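**Q** Attaching a predicted model along with its sequence, questions to come.
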Amino acid sequence: MMKLKLTPGVTGLVALAVSTSAMAGGLERHGYDVDLLFGNSPFYFDGSVTYVMPNRKIKNAKDESVPESDPTNLNSLGYSTTAEEYENYADPYLGGKAAIGDSIDCMVDYSEPWGANSNPGRHWAGAKDMTEIEVFSRNYGGSCSYKFDAGPGQFRIIGGGFYQEIGGHKEAVVFAPEILPGMGALIGQDFSGYSGLGRLDGMKDSSGGWRLGIGYEIPEYAMRASLVYNSRVKYDSIDGTLDMTGVPAAAALLELDPMKRALYSRIFGVNTPVTGSATLPDSLELKLQSGIAPDWLAFGSVKWTNWSLLQTVEFTCAGSASFCGTADGVALTSLDLYYRDGWTVTGGVGHKFNDEWSGGVSLTWDRGTSTVTGSQSDSWTVGLGAAYTPTENVELRVAGALGVLTSGQSNPVHMTTTSYDFGTDYVSALSGELRVKF
């Protein structure tokens, strides 16, 4: 086999090009990454920020909680049938790697693997389901690998763990503020000044997980293969507060169903502590790369993520049965996701132009995880990256991506009440990265 002249600037573009996959499925933002373990210098520092700009437009939104002839229907009140769903977001990463002798490499890193930012606003026809949602995460990881000679290259065993924090909030319209004065007049109450909003706030929990993997590399041919499994993460106590102070307590008297009236009397007008549970997915990722000609590198990856673990996350009253009363064990609100498993496939090439400049291009397909509800359809993303190496110890990288989000529709299920369509939309991203090695 012909030996290929390939430098770290070229091999590093694998991570650079792959990082421009801007809209992965489920709640994925950064995911997990142990590529620093393969760095060919004893010490590495890596810092990056990717700024993602999704452009998903909702259209033909319909409030299906009540018939359109009902005066509380948001369509009949003139709420918009269109909305901008996602907000832009930043994805930061910090990592460091150190070699311990000739056989052991260890790394620590900080990332934000999961997240969601959706803000269609308070005046669209789906506002009873959601006016705003935010999910955030913080991940602190540590991994090590042990390598030994095997044939023409080196075999590597990888293991590690991570500690995670998640949190967020959800806001929705309970009663449109336009109808509150009239509702109050029916029972001789002043409902003016109320927002009509309910808010699930302060959601927070922490947990941990582990990873195990293997790798094989032949450095002189820039050949590398790795297979890494990351465990699922169970959150048993996602605690928060259901803030219904924007809804007048006396509005419960207008409910004809006695069971619902008793429940609403318990939660309207007050803050109620709530709790929920969820399991974030495990994943398995295969990565491959190899030199194909002098100063040319080909790479690819396939990742499976077990997003079908997340169907619906219900929040119930926290506390004793006597404290919760009629709300005990009842789902007061929920995050209805109904995901299917995610698959992400990436392929690309990198090229070294000279001792200072390298470039790369990638194509990524991500299978949409939404099923009956939601707008996470299949996406196709093209990424372009460049690396500048002014000295042997410093490398600067920039990358950009442009992707297509395919069309589809969302329908009511469980506690959701809105149907809507979405067409072919676009997503873009910009990334900057600094690597220092010695």
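**A** All right, it came through fine.
**Q** When you work out contacts or count neighbours from here on, use the C-alpha atoms and nothing else.
**A** Fine.
**Q** Ala116 versus Val345, what's the distance?
**A** 22 Å (Cα to Cα, to the nearest Å).
**Q** now Leu256
**A** 37 Å.
**Q** So for the two, which sits in the more crowded spot?
**A** The neighbour count for Leu256 versus Ala116, taken as other Cα atoms under 10 Å, is higher for Ala116 (19 against 9).
**Q** Which residue comes closest to that one once chain neighbours are left out?
**A** The spatially closest residue to Ala116, leaving aside those adjacent along the chain, is Val135, at 4.8 Å (Cα to Cα, 6 or more residues apart in numbering).
**Q** And that neighbour, how close does it get to Gly153?
**A** Taking Cα to Cα, one finds Val135 at 43 Å from Gly153.
**Q** same check, this time on Phe191
**A** Counting by Cα to Cα - Phe191 and Gly153 are separated by 74 Å.
**Q** Which one's more surrounded, these two?
**A** Neighbour count, other Cα under 10 Å: between Phe191 and Gly153, Phe191 has more, with 21 against 17.
**Q** Could you pull up the residues touching the more buried one?
**A** 180-181, 183-184, 248 (Cα atoms under 8 Å, 6 or more residues apart in numbering).
**Q** And the strands in the stretch 1-150 of the chain?
**A** 43-55, 57-63, 83-84, 89-100, 104-111, 116-118, 132-150 (DSSP state E, counting those that start in this stretch).
**Q** what angle separates the helix or strand following the last one from strand 132-150?
**A** To tie it back to what came earlier, the one meant is strand 132-150. Toward the C-terminus, strand 132-150 is succeeded by strand 153-173 as the next helix or strand (DSSP states H and E). Here strand 153-173 runs at an angle of 170 degrees relative to strand 132-150 (axes from the mean of the first three to the mean of the last three Cα atoms, to 10 degrees).
**Q** so after strand 153-173, what's the next helix or strand?
**A** Defined by DSSP H and E, the subsequent element after strand 153-173 is helix 180-186.
**Q** Counting neighbours, show which residues of that following helix come out buried.
**A** In terms of neighbour count (16 or more other Cα atoms under 10 Å), helix 180-186 has its buried residues at 180, 183-184.
**Q** Also stretch 297-314?
**A** Quick answer for stretch 297-314 (16+ other Cα under 10 Å): 297-310, 312-314.
**Q** now swap in stretch 209-228 and tell me
**A** 209-219, 221-228.
**Q** Show me the residues you listed that map onto strands.
**A** 209-218, 223-228 (DSSP state E).
**Q** Gly374: which of the residues you listed is nearest?
**A** Nearest to Gly374 among these: Gly209, at 27.6 Å, using Cα to Cα.
**Q** ok, the nearest residue to Arg435 once chain neighbours are set aside - contacts?
**A** With Cα to Cα, 6+ apart as the criterion, Arg435 has its nearest non-adjacent residue at 4.6 Å, and that residue is Asp46. By Cα under 8 Å, 6+ apart, the residues touching Asp46 are 93-96, 433-436.
**Q** For those residues, give me CSV that also has distance to Tyr235 and neighbour count.
**A** Output for the contacts of Asp46, formatted as CSV (distance: Cα to Cα, whole Å; neighbours: other Cα atoms under 10 Å):
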residue, distance to Tyr235, neighbour count
Tyr93, 23, 17
Leu94, 24, 16
Gly95, 25, 21
Gly96, 28, 20
Glu433, 32, 19
Leu434, 34, 17
Arg435, 34, 18
Val436, 36, 17
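**Q** hey, where'd the helices end up in the stretch 201-350 of the chain?
**A** Along the stretch 201-350 of the chain, counting by DSSP state H, counting those that start in this stretch, helices occupy 258-267, 321-324.
**Q** closest to Thr279 out of those?
**A** Using Cα to Cα, those put helix 321-324 closest to Thr279, at 25.2 Å.
**Q** List the buried residues in that closest one.
**A** Cys324.
**Q** Ok, stretch 407-422 next?
**A** Buried residues in stretch 407-422 (16+ other Cα under 10 Å): 407-412, 415-422.
**Q** ok, which pair from these is furthest apart?
**A** Farthest pair in the buried residues of stretch 407-422, by Cα to Cα: Ser407 and Met415, 23.5 Å.
**Q** low pLDDT regions in the stretch 1-150 of the chain?
**A** 1-23 (pLDDT under 70).
**Q** Now with 90, please.
**A** The model of the stretch 1-150 of the chain has pLDDT under 90 over residues 1-26, 30-31, 39-40.
**Q** With the stretch 251-400 of the chain instead?
**A** 255-256, 319-323, 325-327.
**Q** how near is Thr346 to Phe353?
**A** Taken as Cα to Cα, the span from Thr346 to Phe353 is 23 Å.
**Q** Please identify which of the two sits among more neighbours.
**A** Thr346 (21 against 12).
**Q** Let me see the contact set for that one.
**A** 18, 300-302, 362-365.
**Q** Pull the most distant pair out of the residues you listed.
**A** Val302 and Ser362, at 13.2 Å, using Cα to Cα across these.
**Q** For Ala172, which non-adjacent residue is closest in space?
**A** Met130 (4.5 Å).
**Q** Got the phi and psi for the one you found?
**A** With angles defined as degrees, to the nearest 10, Met130 sits at phi -170, psi 130.
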